[in-house]
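>>> have a look; sequence and predicted model below, questions after that.
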Amino acid sequence: MNTIEKLADRNHNGPLKSPLRVIVAAVGNVKAYGTADKKMLHVSVCDPSGVAKAVLFDESKFNDFKERSGLVLHNAIFKNREIIVNAQTKVFRCAIPTVPDNIMQQAVDLIRPQTPEVLPIKDARKSPSKTRVSIRGKITSDGLSKPVTINGRQVQVKTISVQDADDEIKVSLWRDLAKKDLQLGEIVEVTHVVVNGKLYNGEESLSTTQFSDINSAELPTEESDYQVLGIEVEDTTCQLMTCANGVLSSNTELLLTHFLCTLEELPEKFPCSLRVKVKGQEIVKYL
């Protein structure tokens, strides 16, 4: 009987001449392909010898591939280290093979890789090509979704801008992510993004990948020192112009309480040094 390791070692490409017994480690999302609204499904499988990604093109077999189920595949195709399951493939159920934990985790990571660490945008833009990272920040612009043609099929893409405390960057959202309902000013976390190979108006930009997601998030609260040059009062909020960190916002009453002064006396307190806790560009506490 075949094993994944034997097939990989032989660089096998083509139909499998003997059955392959595997356990389904992880199941991805159903995706469209081609020009006739056909559907495919990516899953990961493993056996005691190794791991592989499987691509299902026969929709009638999607329900056979449930996570942690044992299967025997007959007439499957092994190509470029992937298992192809089509209409000619026979799928038989069996007892779950015993697989080492490390191999199971490797297989799961093929479909659901661990979320990369959230990096400051200034560091994310310098990350090596094809290295997946995550960023967190405020949406400062939200473009319109538009169709582009890739491999003969139209897919949707739109560009947003995300800003954190120190930097701002364009992010291209592809396919289903381009349809997400986002709001200007919303704090989001975008995962599994990579630096685009081409510059965007002379600057680096990021692009989502097949593993990416974008969700509402909370900015962390950080304690820091700021050199504040001046202030502008806008009703119940103030804008504080810093020397090197852009504009901070603050609740006016919070600021007056810190200085123990009146609104008329407030401008006389600047320039000054302030130690505060901030969430993004908003002051939440004076220290």
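Sure, I can see it. Numbers count the residues shown, from 1 in each chain.
>>> on contacts alone, who are the packing partners of the longest helix anywhere in the chain?
Among all segments of the chain classified by DSSP state H, the helix with the greatest residue count is helix 101-111. Taking 3 or more C-beta pairs under 8 Å, 6 or more residues apart in numbering; DSSP states H and E as the contact definition, the neighbouring helices and strands of helix 101-111 are strand 20-33, strand 38-47, strand 50-56. Where you see a C-beta, it was placed from the backbone N, CA and C, and this is true even at glycine.
>>> isn't residue 153 up against residue 37?
No - under the criterion of C-beta atoms under 8 Å, residue 153 is not in contact with residue 37, lying 9.9 Å apart.
>>> pick out whichever of these two has more residues nearby.
Comparing residue 153 with residue 37 by other C-beta atoms under 10 Å, the one with more neighbours is residue 153, at 13 against 8.
>>> where along this protein do the helices fall?
Listed in chain order (using DSSP H), the helices of the chain are 4-9, 101-111, 121-124, 252-259.
>>> any stretches of the stretch 1-150 of the chain with poor pLDDT?
The stretch 1-150 of the chain contains residues with pLDDT under 70 at 34-36.
>>> how about the most centrally placed residue in the chain: what's its closest non-neighbour residue?
The chain has residue 191 as the residue nearest its centroid, 2.0 Å off, counting by C-alpha atoms, centre = their mean. Closest residue to residue 191 apart from its sequence neighbours, by C-beta to C-beta, 6 or more residues apart in numbering: residue 134 at 4.4 Å.
>>> what pairs with that neighbour across the strands?
Under DSSP bridges, the beta-bridge partners of residue 134 are residue 118.
>>> ok, now which ones touch it?
115, 116, 117, 118, 119, 189, 190, 191, 192, 193 (C-beta atoms under 8 Å, 6 or more residues apart in numbering).
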